[in-house]
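Student: Predicted structure and sequence below. I'll ask about it afterward.
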Amino acid sequence: MPDSFTSLRGQKGAHVLHSRYDSKKLSQPARDASPGSLNWHERQVDPDGVLDPAERARRAEHARRAYFTGLALKSAKARAARKAGGPR
């Protein structure tokens, strides 16, 4: 069968899925597994769950900010390299 049929079947399946279930509930596990999630960082800073919840949250927030600051630094370096005519 042509690839267009495969694409249409996939689109139909996605529409059926989203018509039957709450999209936020479907994607919550993926969001929790993402570094953008505070839950992800909580598991990184306290994998055994031994910290006080307030301390775990405080550390996780700092870990999350460090992660995104690192991304910003990489982005700034890449922009500077492009501006200087360096490798892309």
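Tutor: Done, it's in.
Student: can you give me the helices in this protein?
Tutor: Under the criterion DSSP state H, the chain contains helices at 3-20, 23-32, 38-45, 53-83.
Student: okay if I get the ones you listed as TSV plus mean neighbour count and mean pLDDT?
Tutor: Bear in mind the C-beta positions are built from the backbone N, C-alpha and C, glycine included. Below are those laid out as TSV (neighbours: other Cβ atoms under 10 Å; pLDDT from 0 to 100):
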stretch	mean neighbour count	mean pLDDT
helix 3-20	10	92
helix 23-32	10	92
helix 38-45	17	95
helix 53-83	12	96
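Student: Centre-most residue in this structure?
Tutor: Ser34 (3.4 Å; Cα atoms, centre = their mean).
Student: right, and that residue touches His41 too?
Tutor: No. If you go by Cβ atoms under 8 Å, Ser34 and His41 don't touch, sitting 10.2 Å apart.
Student: How is the protein partitioned into domains?
Tutor: 1-32, 35-88 (automatic domain parsing).
Student: what's the offset of the first one from the middle of its chain?
Tutor: Going back to what we said before, that points to domain 1-32. 19 Å (Cα atoms, centre = their mean, to the nearest Å).
Student: Same check on the longest one?
Tutor: Offset of domain 35-88 from its chain centre (Cα atoms, centre = their mean): 11 Å.
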